[in-house]
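Asker: Okay, sequence plus prediction incoming.
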Amino acid sequence: MARAAGEERERELSWLDYSDPGDVSAEGKWLLFNEEGDGGGHNYSIFLPDDRRILFSGSERGDAMRDYLQDIEGGKPRPITLEGGVSVWRTHPLSPDGKSVIALDPDGKLNIFPTDGEGRQPALGTLSGDVPVRWGADGHSAFVTQGGEIPAKVYRLDFATQTRRIVAELSVPDRTGLTGIRYIQMTPDGKSYAYTFSRFLTELCVIEGLK
């Protein structure tokens, strides 16, 4: 469901059986959504700051996933990451100016790819297992976390100095059956955040008197 500025009611904008909103353009005119059910798959899409181009992950037939840029007026998508290298799903990989994307390379290492040209450079200061959450507001830092940690520690990593500091430690009061902290979202200043978590609970029953 969606409602644009000036509209009185929400509208049903689903396509098939599992439409998941990905991003809304700054002026509220365009909606990006992912189709995750039988008609689609787990992909990623987000608007660039100009609201005229989108970044998405996908693959051509027979090839591995990678990130592409697409003009919303049409034309052929342009790959910007290596084949097998993609932005992490449900993160904010675009720099504030829209000129860079932080994404994994085929070896699982974080790199910075330009959106307006070719090439890449390593994301300095990152460690093995680092997962990006989003770029910082200053454009030369990023928030990262180590996948699988409980509690999940979120670090602010400065690429220039290659230093990191903890800005948040995420968990829930009751850790019974807690299996993971997922889909961390954070504001560019690092002061607000949201996340989801998963549990796996079982019951142990004792049966007496069986013959």
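Answerer: Sure, I can see it.
Asker: For this protein, give me the ranges with low pLDDT.
Answerer: Along the chain, the model assigns pLDDT under 70 to residues 1-2, 10, 15, 17-28, 32-44, 88-90.
Asker: okay, now the domains of it?
Answerer: Per automatic domain parsing, the structural domains of the chain span 1-123, 125-211.
Asker: first to last residue in the last one, what's the distance?
Answerer: Domain 125-211 has its terminal residues 64 Å apart, counting by C-alpha to C-alpha, to the nearest Å.
Asker: thinking again about what came up before, rebuild the domains of the chain as a markdown table, extending it with mean neighbour count.
Answerer: For glycine as for every other residue, the C-beta is placed from the backbone atoms N, C-alpha and C. Formatted as a markdown table, the domains of the chain follow (neighbours: other C-beta atoms under 10 Å):
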| stretch | mean neighbour count |
| --- | --- |
| domain 1-123 | 15 |
| domain 125-211 | 14 |
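Asker: Would you pull up how far stretch 86-98 lies from the middle of the chain?
Answerer: Averaging C-alpha coordinates over stretch 86-98 and over its chain gives two centres that are 6 Å apart (C-alpha atoms, centre = their mean, to the nearest Å).
Asker: Quote the end-to-end distance of it.
Answerer: This stretch, stretch 86-98, spans 16 Å end to end (C-alpha to C-alpha).
Asker: got it, and stretch 169-184?
Answerer: Stretch 169-184 has an end-to-end distance of 11 Å (C-alpha to C-alpha).
Asker: And for stretch 122-131?
Answerer: 14 Å.
Asker: How about stretch 154-163?
Answerer: Span of stretch 154-163 from end to end, C-alpha to C-alpha: 13 Å.
Asker: Please work out which residues outside that stretch touch it.
Answerer: Residues outside stretch 154-163 that contact it (C-beta atoms under 8 Å, 6 or more residues apart in numbering): 112, 123-126, 130, 133, 136, 140-145, 164-170, 184, 186, 190, 193.
Asker: For the most centrally placed residue in the chain, give me its contacts.
Answerer: What sits nearest the mean C-alpha location of the chain, by C-alpha atoms, centre = their mean, is Thr91, with 1.9 Å. By C-beta under 8 Å, 6+ apart, the contact set of Thr91 is Val131, Pro132, Val133, Arg134.
Asker: Try it again at 6 Å.
Answerer: Pro132, Val133 (C-beta atoms under 6 Å, 6 or more residues apart in numbering).
Asker: Could you do Gln121 as well?
Answerer: Each residue near Gln121 by C-beta under 6 Å, 6+ apart is listed here: Ile112.
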